[in-house]
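1. Kindly return the folded structure for what I paste below:
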Amino acid sequence: MTKIGLLATIGVGVVVIGAGLLFLQPQTKPQGVACTMEAKICPDGSAVGRSGPQCEFTACPTPTMTWSFVDVGEDTLQGIPHTQVIFAMNDKKYSAGTYEGNCTDIKNSSWQLVAGEQAGAICWWAGGGTELGVFEEGGQLVIKKGLLDEGGAETPGIRGNFETLLKLVP
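-> As a prediction, this is how the structure comes out:
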């Protein structure tokens, strides 16, 4: 064998060994995870998608909820004040009705929200009144109206008996 033949054989051998080592290297996979493109509708009407390594739905946004109150005057026969209640969620306004007494947002008072209540207002006059609360029901936010009564010496106070007043449409 000539020197050129020997060099050619060695060269081919090096190329074959190098290619074999390259082929045996572990293959790296892409780092990202592809999640399905489905969406979840949140109680406030917005939608969220899936993300993260487990492809879980992202958290629903917390809507901005505010109450406003308009003094509409007193009953001329009994002198009972009346207040119109307006609820706003993410700048969309809903009329929640007119109630006897003076009204206040629960978060600005000594009252506490009841279990499951996300926002609430109290309208109070002479030992009783109405509570308006925002609750999630069937995957949608609703305003419910409940009874308030401070009770007496022999009867306990009442807070509850909520009934759906209106559904909040996003």
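2. Return the set of buried residues in stretch 94-106.
-> Residues Tyr94, Ala96, Gly97, Tyr99, Glu100, Gly101, Cys103, Thr104, Asp105, Ile106 are the ones in stretch 94-106 that count as buried (16 or more other Cβ atoms under 10 Å). (Glycine included, C-beta is placed from N, CA and C.)
3. Those residues into TSV, with extra columns for distance to Gly120 and pLDDT?
-> Shown next, in TSV, are the buried residues of stretch 94-106 (distance: Cβ to Cβ, whole Å; pLDDT from 0 to 100):
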residue	distance to Gly120	pLDDT
Tyr94	14	96
Ala96	11	97
Gly97	14	97
Tyr99	13	96
Glu100	17	95
Gly101	15	95
Cys103	11	96
Thr104	10	96
Asp105	8	97
Ile106	4	95
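4. of those residues, closest to Val72?
-> Of all these, Tyr99 has the smallest distance to Val72: 9.8 Å, by Cβ to Cβ.
5. For that closest one, which non-adjacent residue is spatially closest?
-> Cys123 (3.8 Å; Cβ to Cβ, 6 or more residues apart in numbering).
6. check contacts around the one you found.
-> Thr83, Val85, Tyr99, Glu100, Gly101, Asn102, Cys103, Gly129, Thr130, Glu131, Leu132 (Cβ atoms under 8 Å, 6 or more residues apart in numbering).
7. Let me know the helix or strand that it is in.
-> Taking DSSP states H and E as the definition, one finds Cys123 inside strand 117-125.
8. Walk me through which strands that strand pairs with, and which way each runs.
-> Here strand 117-125 is paired, per DSSP bridges, with strand 102-105 (antiparallel), strand 128-137 (antiparallel).
9. Now tabulate those strands in JSON lines and tack on distance to Cys42.
-> Putting the strands paired with strand 117-125 into JSON lines (distance: least, Cβ to Cβ, whole Å) gives the following:
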{"stretch": "strand 102-105", "distance to Cys42": "23"}
{"stretch": "strand 128-137", "distance to Cys42": "10"}
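10. do you know which of those strands lies nearest Asn90?
-> strand 128-137 (12.4 Å).
11. Bridged to the residue nearest to Tyr99, which residues?
-> Beta-bridge partners, per DSSP bridges, of Cys123: Cys103, Thr130.
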